[in-house]
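Q: Structure, please.
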Amino acid sequence: MGGAGGGDVDVCVVGAGAVGLTLAVGLRRLGLRVRIVDQAPAAGREARALVLWGRARAALDALGVGELLRCHGVEPDAVSIHARDPLLGELTTGWALSAHARPLTVAQHAIERLLREELARLGTRVEWNAEVTGVEVHEDRAEFTLRHGDGRVESAAAAWIVGCEGASSAVRDRLGIPFEGRRTGLQVVQGEARPARPFGERPARGHLLLAPHRSLLVLPRPGGGFRFFCFRDAPDPTPTATATTSTTPTTSTTSTTSTTSELRDLVVDTLRLPGLRLDATEPLRLDRAPFGHRLAARLRHGRALLAGDAAHAWAPVGGHGVNVGILGAHNLAWKLAAVHRGLAGEGLLDTYSDEQRRTAVRYVRAMRFDFMEPPLPPLAHRAFTAAVPGALARRGVRHRLDPRRDHRDGALSWHLAAPHHRTGPRAGDRMPDVRVMAGGPVARRMHTLLAYERWTLVLHAARAEPAVVDALRQECARFATPVRILPVTPGDAFEAGRLGHPGDLCLVRPDGYVGLVAPLARPALLRAYLAALGPAGPGTSRHPDELYPPRVYRRGVP
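A: Below you'll find the predicted structure:
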């Protein structure tokens, strides 16, 4: 499908930022016809997000662009933390047990360019200069109106429409979905520049510099130079520039020269280096509008859905906004494809809304306790910097860089293992990237054996007798949901513990999260789970607590 207007398509994606492009690539990978439109005249290059954390990297890897992104980015090995001159300590990366153990610094416009190229390879191109001016949702389709750059107005339709066009989402506004939240007093000045003298001796190292009323995060950028993020209190609540929550190119009322000068003054004042000179390497962007924590009241309205900043937006503390959006698009694409094809009931799309809203709420709450980047007044600054060395010695601080995202409370997460089976993932967790052998003598990472096109039923090869596998295969054959049965052998005792108890099976969702953990000897539980994905939808009366006595399966009583 080439993206030309006029004909009906399966899904219309509104917004060609990183989230919209991720969703479009995922849908095309699953065979759906996609149209993607954006009101901007062309792709933008302004400074926006820079950091991809491990799980977002894994999601993009599953869509076929992970290796290309790695070639265009830098993997920071540590972030040193300073209070003016004194070094307080460092946060190291690479501790995660995954192929994507380190974050990747790569410009968002580079991410979007690579995603556009992949989408074009799949047969769909972005339609620029196409603004959505109206949306109507019906029982079997979504109708929308586009105003093109040449003044032409087009009425079109798709089976589904997804708004990914940022915090000022037209799709969300046309549907009347409240965007609830509050403003914060935080402003960010950011831009890419090359210091006139070397900034540190290790090019793959980031820096966090703390001072009263501001903090400065400096991250290495591909090709040399650094991205500077200066977080400061908002001196003037009057917006004079567009906030960075927009996914479309914007123009600031401040010139590049004055923006460079302001950024330099903030850096010099924080570092106390009056002779420092910054040479701009990219157009800089000054954000004077206060950021807000916003969350859509719901992410689904019939055949219309929301993703990315259209669904949730917050200040760029921790660099997680685009990551959460990418993971949400990765979560939505396979569910939307399954519902559209009749492989699952529409209740599956409600699990997307529930899971993504819950994730957003967790991030907003977590940011209230993030004292690294938000600016602090002098007394709080002194108290915090005194506590930093001791805090950095605690292992949990490192994990706050990339917080755990699980769906344990979701309707798709059924953890039915015996309570004394305490090893391995719980339902709702991301499947560990265990080193295993699967049909050969060479160990491979688990995530390379999963696929976005299907579910994967993982079990220990030592318990995979032919009769057991046949019984599982018969249960899977009852349903249209594609499932691959994957017996594996963990590489050692440590990896065996990460994989889980040998007496359990793990049913892994297409997005890599565990849906079901249940006793291998009870294939009827697998049948109940797959049945709940059907037209009746998950979370209905087909839950195993109503199909089977909970004392038998929940408490492990034989």
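Q: So in the chain, where's the weakest helix or strand by average pLDDT?
A: helix 550-553 (a mean of 32; mean pLDDT, DSSP states H and E).
Q: Now do the contacts for Pro389.
A: Contact partners of Pro389, counting by Cβ atoms under 8 Å, 6 or more residues apart in numbering, are 88-89. Where you see a C-beta, it was placed from the backbone N, CA and C, and this is true even at glycine.
Q: Look up how far Arg183 lies from it.
A: 34 Å (Cβ to Cβ, to the nearest Å).
Q: Check His340 too.
A: 38 Å.
Q: Who has more neighbours out of those two?
A: His340 (21 against 14; other Cβ atoms under 10 Å).
Q: quick one: contacts for the more buried one?
A: 10-11, 32, 159-160.
Q: for Ile111, phi and psi?
A: With angles defined as degrees, to the nearest 10, Ile111 sits at phi -60, psi -50.
Q: what number of residues lie near the residue lying closest to it once chain neighbours are set aside?
A: Spatially, and ignoring its direct neighbours in sequence, Ile111 is nearest to Ala18 (5.2 Å; Cβ to Cβ, 6 or more residues apart in numbering). Number of residues near Ala18 (other Cβ under 10 Å) recorded here: 27.
Q: tell me what whichever strand or helix holds Arg70 is packed against?
A: Per DSSP states H and E, Arg70 falls inside helix 66-71. Here helix 66-71 touches helix 54-62, helix 108-121, going by 3 or more Cβ pairs under 8 Å, 6 or more residues apart in numbering; DSSP states H and E.
Q: what residues does the first one touch?
A: Read that as helix 54-62. With Cβ under 8 Å, 6+ apart as the criterion, helix 54-62 contacts 22, 52, 66-67, 69, 96, 98-104, 111, 322-323, 326-327, 330, 402, 405, 430, 447, 450-452, 511-512.
Q: Could you point out which residue ranges in the stretch 201-350 of the chain have low pLDDT?
A: 201-203, 234-260, 263, 271-291, 315-319 (pLDDT under 70).
Q: mind listing the strands for the stretch 251-400 of the chain?
A: Applying DSSP state E, counting those that start in this stretch to the stretch 251-400 of the chain gives strands spanning 278-280, 285-287, 292-296, 300-301, 304-306, 312-313.
Q: helices and strands around the last one, which ones?
A: Applying 3+ Cβ pairs under 8 Å, 6+ apart, one finds that strand 312-313 contacts strand 292-296, helix 347-367.
Q: among these, which is nearest Leu520?
A: Nearest to Leu520 among the helices and strands packed on strand 312-313 is helix 347-367 (25.3 Å), distances taken as Cβ to Cβ.
Q: could you dump that closest one to PDB, C-alpha only?
A: Presented in PDB, the C-alpha positions along helix 347-367 are these (Å, rounded to 0.1, in the frame of the first residue of the first chain):
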ATOM      1  CA  GLY A 347     -11.300  -6.500  24.500                       C
ATOM      2  CA  LEU A 348      -7.600  -7.000  23.600                       C
ATOM      3  CA  LEU A 349      -7.400  -3.400  22.600                       C
ATOM      4  CA  ASP A 350      -8.700  -2.400  26.000                       C
ATOM      5  CA  THR A 351      -5.700  -4.100  27.500                       C
ATOM      6  CA  TYR A 352      -3.500  -1.800  25.500                       C
ATOM      7  CA  SER A 353      -5.300   1.200  27.000                       C
ATOM      8  CA  ASP A 354      -5.100  -0.200  30.500                       C
ATOM      9  CA  GLU A 355      -1.400  -1.200  30.300                       C
ATOM     10  CA  GLN A 356      -0.200   2.000  28.700                       C
ATOM     11  CA  ARG A 357      -2.100   4.300  31.100                       C
ATOM     12  CA  ARG A 358      -0.800   2.300  34.100                       C
ATOM     13  CA  THR A 359       2.800   2.600  32.700                       C
ATOM     14  CA  ALA A 360       2.400   6.400  32.200                       C
ATOM     15  CA  VAL A 361       1.100   6.900  35.700                       C
ATOM     16  CA  ARG A 362       4.000   4.900  37.200                       C
ATOM     17  CA  TYR A 363       6.500   7.200  35.300                       C
ATOM     18  CA  VAL A 364       4.800  10.400  36.500                       C
ATOM     19  CA  ARG A 365       4.900   9.100  40.100                       C
ATOM     20  CA  ALA A 366       8.500   8.000  39.800                       C
ATOM     21  CA  MET A 367       9.600  11.400  38.600                       C
END
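Q: Mind listing what's buried along that helix?
A: 347-357, 359-360, 363-364, 367 (16 or more other Cβ atoms under 10 Å).
Q: which residue sits closest to Arg445 in space, ignoring its chain neighbours?
A: Asp433 (5.1 Å).
Q: check which helix or strand covers that neighbour.
A: With DSSP H and E as the test, Asp433 turns up in no helix or strand.
Q: Look up how far Leu499 lies from it.
A: Distance from Asp433 to Leu499, by Cβ to Cβ: 11 Å.
Q: circling back: flag every buried residue along the helix holding Arg70.
A: Per 16+ other Cβ under 10 Å, helix 66-71 contains these buried residues: 66, 68-70.
Q: ok so, going back, ChimeraX command for the buried members of the contacts of helix 54-62?
A: Buried residues among these (16+ other Cβ under 10 Å), as a ChimeraX selection:
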select :22,52,66,69,96,98,100,102,103,104,111,322,323,326,327,330,402,405,430,447,450,452,511,512
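Q: export the contacts of His340 to CSV and tack on neighbour count?
A: As requested, the contacts of His340 are exported to CSV (neighbours: other Cβ atoms under 10 Å):
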residue, neighbour count
Asp10, 20
Val11, 26
Leu32, 21
Ala159, 18
Trp160, 23
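Q: Of those, which is the nearest to Gly424?
A: Nearest member of the contacts of His340 to Gly424, counting by Cβ to Cβ, is Leu32, at 33.6 Å.
Q: Could the C-alpha coordinates of stretch 99-114 be exported in CSV?
A: Only the C-alpha atoms of stretch 99-114 are listed here, as CSV (Å, rounded to 0.1, in the frame of the first residue of the first chain):
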residue,chain,number,x,y,z
ALA,A,99,21.8,-7.8,24.5
HIS,A,100,20.8,-4.2,24.9
ALA,A,101,22.5,-3.6,28.2
ARG,A,102,23.4,0.0,27.6
PRO,A,103,21.3,2.9,26.5
LEU,A,104,21.9,4.3,23.0
THR,A,105,22.3,8.0,22.4
VAL,A,106,20.9,8.7,18.9
ALA,A,107,19.1,11.8,17.6
GLN,A,108,15.4,11.4,17.3
HIS,A,109,15.4,12.7,13.7
ALA,A,110,17.9,9.9,12.9
ILE,A,111,15.5,7.3,14.5
GLU,A,112,12.7,8.7,12.4
ARG,A,113,14.7,8.7,9.2
LEU,A,114,15.6,5.1,9.7
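Q: So Glu495 belongs to a helix, correct?
A: Yes: using DSSP: H, G, I helix; E, B strand; the rest coil, the assignment for Glu495 is a helix.
Q: Now do the same contact list for it.
A: 434-436 are the contacts of Glu495 under Cβ under 8 Å, 6+ apart.
Q: gap between it and Gly428?
A: On the measure of Cβ to Cβ, Glu495 and Gly428 end up 21 Å apart.
Q: before we move on, the earlier item: show me the contacts of helix 54-62 that map onto helices.
A: 22, 66-67, 69, 111, 322-323, 326-327, 330, 447 (DSSP state H).
Q: Mind putting the residues you listed into TSV with distance to Ala59?
A: TSV is the format used below for those (distance: Cβ to Cβ, whole Å):
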residue	distance to Ala59
Thr22	7
Gly66	9
Glu67	14
Leu69	11
Ile111	12
Val322	12
Asn323	9
Ile326	6
Leu327	6
His330	4
His447	10
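Q: Among the residues you listed, which pair sits farthest apart?
A: Across these (Cβ to Cβ), the longest gap, 21.0 Å, separates Val322 and His447.
Q: tell me the SS of Ala24?
A: Ala24 is classified as helix under three-state DSSP.
Q: wait, what's in contact with it?
A: 11, 13, 34, 36, 115, 119, 124.
Q: among the residues you listed, which are in strands?
A: 11, 13, 34, 36 (DSSP state E).
Q: Okay, and the beta partners of the third one?
A: The partner list for Val34 in beta bridges (DSSP bridges) reads Val11.
Q: Alright, calling it a day.
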